[in-house]
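Asker: return atomic coordinates for the entry below.
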Amino acid sequence: MIKMSKLSSKIRVVSNPKKMESCPEKGLQFYKTYALVVSETLQKPMFQRFIDWILKREKIEKNAVRDIQVRVFPFQKENGNSVAGRCNNKGVILIFPRKRSFLQKKMQEHKKENVRFYLKSRAMASLIHELLHVKYESDEGMVRKLTKKYFGIFIRHQNTDTQKVHSIQKMLFSV
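Answerer: Predicted coordinates:
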């Protein structure tokens, strides 16, 4: 019997050297810290057990995911919209951060702990979303529906503050 590798062992922080050279020191430190927090969040045992449950429930082979890259810098589409994650047909999942300016604005409006909770939640929801794309490929409607369902299950079991849960879900899934 072939032992499947743990999904958490496939998570790593990756940066673009050209962007690192051109990024001011303060911004670079911010994005490096952000990437480490995201990486640690995605590797937490409780979240990993939940991801394993989703993979079994959806009949997605762990081996279909070759690499999970937590990117240091944000990615924007040509239309200016930011991207939370991407998955390609080679089993590589990319998780991207929010822009520093977006988070600075949120820090003025919300408590630091709520913004950190949002960042971690966004990363977890992004990984769930991209894992579902492994099975449902281009069925974005199905992937969004299942992401909302599964993330809702996870977050409700982790947090008893229903107001906070509702607020985060609204921020993540309002389109």
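Asker: how about the helices in this structure?
Answerer: Under the criterion DSSP state H, the chain carries helices at the ranges 17-22, 25-43, 45-58, 100-109, 112-136, 140-158, 162-173.
Asker: for residue 93, find the nearest of the ones you listed.
Answerer: Closest to residue 93 of the helices of the chain is helix 112-136 (CB to CB; 4.4 Å). Yep, even glycine has a C-beta here, placed from its N, CA and C like the rest.
Asker: what helices or strands is that closest one leaning on?
Answerer: Helices and strands touching helix 112-136, by 3 or more CB pairs under 8 Å, 6 or more residues apart in numbering; DSSP states H and E, are helix 25-43, helix 45-58, strand 85-87, strand 92-95, helix 100-109, helix 140-158, helix 162-173.
Asker: circling back: buried deepest among the helices of the chain, which one?
Answerer: For those, the largest average neighbour count (mean count of other CB atoms under 10 Å) is found in helix 112-136, namely a mean of 20.
Asker: so what's the gap between it and the chain middle?
Answerer: 3 Å (CA atoms, centre = their mean, to the nearest Å).
Asker: so which of the helices of the chain is nearest residue 77?
Answerer: Going by CB to CB, the one of those nearest residue 77 is helix 140-158, 14.3 Å.
Asker: mean confidence score for the closest one?
Answerer: For helix 140-158, mean pLDDT is 91.
Asker: ok and that helix relative to helix 45-58, angle-wise?
Answerer: For helix 140-158 against helix 45-58, the angle by axes from the mean of the first three to the mean of the last three CA atoms, to 10 degrees is 140 degrees.
Asker: next, the angle from helix 140-158 to helix 112-136.
Answerer: Compare the direction of helix 140-158 with that of helix 112-136 by the same axes, to 10 degrees and you get 140 degrees.
Asker: circling back: and residue 73, which of the helices and strands packed on helix 112-136 is closest to it?
Answerer: Among these, the nearest to residue 73 by CB to CB is helix 25-43 (5.8 Å).
Asker: who's in contact with the closest one?
Answerer: Under the criterion CB atoms under 8 Å, 6 or more residues apart in numbering, residues 8, 11-13, 15, 20, 23, 47, 68, 70-73, 95, 97, 100, 116, 119-120, 123-124, 127 lie in contact with helix 25-43.
Asker: recalculate using a threshold of 6 Å.
Answerer: By CB atoms under 6 Å, 6 or more residues apart in numbering, the list of residues contacting helix 25-43 from outside reads 8, 11, 13, 70, 72-73, 97, 100, 120, 123, 127.
Asker: farthest-apart pair in the residues you listed, please.
Answerer: The largest separation in these, counting by CB to CB, is between 8 and 100 at 26.9 Å.
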